[in-house]
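A.B. asks: Predicted model, plus sequence, below.
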Amino acid sequence: MKKQPIYLDRNENHFGPAPACFKALQKKNFFKLSAYSRDFARGVKSRLSERIAHDFGMDEKQVLLGYGGEDILKQAVHCYLKEGQKILIPQFSWWYYKAIADEVGGIKAEYPITEGDFSFYYDIDGMKDAVKKHNPAVILISTPNNPTGNAMGFGALHDFLSHTGDAIVILDEAYTMFFNTDRSYVKALIDEFPNLLIIRTFSKYYALAGVRIGFGFMGKNLSTFSKFSARYLGYNRLTERIALAALDSDDYYNDMRIKMVSDLDMFFKSFNQLPGFKAYRSEANFILVKIPEGIKDAMNAYLKERGYIIKFMNEDGLDQHVRISLGTQEENHMLMNLVNEFVAQHSGK
Ligand SMILES: Cc1ncc(COP(=O)(O)O)c(C=O)c1O
C-alpha cells in the first residue's frame, strides 16, 4: 500500500486526542443514542456548555456550542452582517472570513497587520483608524492570527475593543490555548464588552478537528444571536462526551504544548539560519516562513516526493511564503532535515 503523505498544511494536531477521549467512546452506552439529550430539563443547552461555563466562571446562558468554530463564525456573520454592510477583517487572514462575508453580500474592508523584524503584529492605531473610516457592522479579529501566527496581548485587545463603537466584534481564538492557557480574561472581556463574541474550538489544541465541536461566549447584547444559534433538540451526545474527556486531560495537553513550543522555536531558529529565508515568531500550532524567490515549485515538488505536504501561500503580500503546521516532533525534525537537504542541493545548482 502507498504510504500516506504527512499533511502539515491544515493546522491539524498530530499529537492526537488525549487517551481519555478514546476511553469515553468505549464506555459509551450506544443505546442512549436513540434518544435526544435531556440536558435541557436542567435549563442548560448541554452538559458540555454547562461544563465550559463552569470552567470559565460564566453563566451557561452566555456559552454557545456549534459544529466547529467555523459554524459559529458563519452563523454570527449571517446573523449580524446584512447585504451592503461593512465587515472589517485582518489584512492577512483565514481565507474563509472573506468567503462568509461574500455569502451574505457584505462589503469587506481590511485593517493592517504589519511585518516586524521577527514577527507580524497588529497595528492597533491602524485598526482604530479603520473602524473610524469604515464604521463596520461586524469586526473580525483572530488571535493568534492564521496565517501570520501573531497574537494580540490583553492590553492591546482591551484598548482596541474600547474603540469599536456599536460594531459586533467576533474574536476568533481558535489557536489561543497553544501559548495562553489563562481563562480568566474571557469573563472579564465578555462582562465589559456587550457586543463581543469569543469563539474557541476543540479542533486545534485538543486535537479533535474531526469531532467538529466549537464553543463561544456571548456578551449581553447578543441575545439575537443566542436565539439564532440555539438548537431545540440539543447537540451531539457522542462528541460532547469526547470533548468533556478532553477537558479532563490537562496534563496530556500541557505536555504536548511544551513540545510544540519547543519545535516552533526549532523551526524559527533553523529557518532563520538558511540564506534568504525568514521565519516569523508564532503563538499557534503553525509557523509562517518567507522563502527565497524562485524556489517555490522545486521546494514543493521536493517535499511532496518525500511525502511531506506544507502550505505554499498565494495571497497578495504573502505569495513568497509557506505555512507549516506542526506535526509530531519526529515529523517536524524530519521536515526540517528535508528542507536543509533541499537548500543544500538547490544552492549547488
Ligand atoms: C482562524 C481559524 N478560525 C477557526 C477555524 C475553525 O476551526 P474548526 O471549525 O475546526 O473549529 C480555523 C480552522 O482552520 C481557523 O484557522
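C.D. replies: That came through, no problem.
A.B. asks: Would you mind listing what in the stretch 101-250 of the chain touches the ligand?
C.D. replies: Contacts of the stretch 101-250 of the chain with the ligand, taken as Cβ under 6 Å from any ligand atom, map to Ser142, Asn146, Asp172, Ala174, Thr201, Ser203, Ala209, Gly214. Where C-beta positions appear, they are placed from N, C-alpha and C, glycine not excepted.
A.B. asks: Sitting in helices, which of those do you find?
C.D. replies: Among those, no member is found in helices (DSSP state H).
A.B. asks: among those, which are in strands?
C.D. replies: Ser142, Asp172, Thr201, Gly214 (DSSP state E).
A.B. asks: need the contact list for the second one.
C.D. replies: Same thing as Asp172. For Asp172, the contact set (Cβ atoms under 8 Å, 6 or more residues apart in numbering) comprises Gly69, Leu73, Trp94, Leu140, Ile141, Ser142, Thr143, Ile199.
A.B. asks: With neighbour count added, can I get those residues in JSON lines?
C.D. replies: Converted to JSON lines, the contacts of Asp172 look like this (neighbours: other Cβ atoms under 10 Å):
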{"residue": "Gly69", "neighbour count": "25"}
{"residue": "Leu73", "neighbour count": "25"}
{"residue": "Trp94", "neighbour count": "21"}
{"residue": "Leu140", "neighbour count": "26"}
{"residue": "Ile141", "neighbour count": "24"}
{"residue": "Ser142", "neighbour count": "29"}
{"residue": "Thr143", "neighbour count": "22"}
{"residue": "Ile199", "neighbour count": "25"}
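A.B. asks: now, which of those sits nearest Lys128?
C.D. replies: Set against Lys128, the nearest of those by Cβ to Cβ is Ile141 (12.5 Å).
A.B. asks: pLDDT value on that closest one, please?
C.D. replies: pLDDT recorded at Ile141 is 97.
A.B. asks: Let me see the domain layout of this structure.
C.D. replies: 6-15+251-347, 19-247 (automatic domain parsing).
A.B. asks: And the strands in this protein, which stretches?
C.D. replies: Taking DSSP E, the strands of the chain run over residues 6-8, 63-66, 86-90, 107-111, 113-115, 120-122, 138-142, 168-172, 196-201, 214-218, 278-279, 286-290, 308-312, 321-325.
A.B. asks: Adding distance to Leu189, write those out as JSON lines.
C.D. replies: Conversion of the strands of the chain to JSON lines gives the following (distance: least, Cβ to Cβ, whole Å):
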{"stretch": "strand 6-8", "distance to Leu189": "32"}
{"stretch": "strand 63-66", "distance to Leu189": "14"}
{"stretch": "strand 86-90", "distance to Leu189": "18"}
{"stretch": "strand 107-111", "distance to Leu189": "19"}
{"stretch": "strand 113-115", "distance to Leu189": "21"}
{"stretch": "strand 120-122", "distance to Leu189": "16"}
{"stretch": "strand 138-142", "distance to Leu189": "11"}
{"stretch": "strand 168-172", "distance to Leu189": "8"}
{"stretch": "strand 196-201", "distance to Leu189": "6"}
{"stretch": "strand 214-218", "distance to Leu189": "8"}
{"stretch": "strand 278-279", "distance to Leu189": "31"}
{"stretch": "strand 286-290", "distance to Leu189": "25"}
{"stretch": "strand 308-312", "distance to Leu189": "31"}
{"stretch": "strand 321-325", "distance to Leu189": "28"}
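A.B. asks: Can you name the residue of this structure nearest the ligand?
C.D. replies: Across the chain, the shortest distance to the ligand (Cβ to the nearest ligand atom) belongs to Gly68, at 2.7 Å.
A.B. asks: neighbours around that residue, how many?
C.D. replies: When neighbours are counted by other Cβ atoms under 10 Å, Gly68 registers 21.
A.B. asks: closest to Asp248 out of the strands of the chain?
C.D. replies: Closest of those to Asp248 is strand 214-218, at 15.8 Å (criterion: Cβ to Cβ).
A.B. asks: Could you export the ones in strands among the residues of the stretch 101-250 of the chain next to the ligand as TSV, including distance to Val186?
C.D. replies: Formatted as TSV, these follow (distance: Cβ to Cβ, whole Å):
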residue	distance to Val186
Ser142	16
Asp172	13
Thr201	14
Gly214	15
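A.B. asks: tell me which of those is nearest to Pro112?
C.D. replies: Distances from Pro112 to those, taken by Cβ to Cβ, are shortest for Ser142, at 14.0 Å.
A.B. asks: What residues are bridge-paired with the nearest residue to that closest one once chain neighbours are set aside?
C.D. replies: Spatial nearest neighbour of Ser142, excluding adjacent residues (Cβ to Cβ, 6 or more residues apart in numbering): Asp172 at 4.2 Å. Bridge pairing for Asp172 (DSSP bridges) gives the partners Ser142, Ile199.
A.B. asks: for the residue of the chain closest to the ligand, what are its contacts?
C.D. replies: Thr201, Ser203, Ala209, Arg212, Ile213, Gly214.
A.B. asks: Just give the number of residues close to the fourth one.
C.D. replies: Residue neighbour count, defined by other Cβ under 10 Å, stands at 17 for Arg212.
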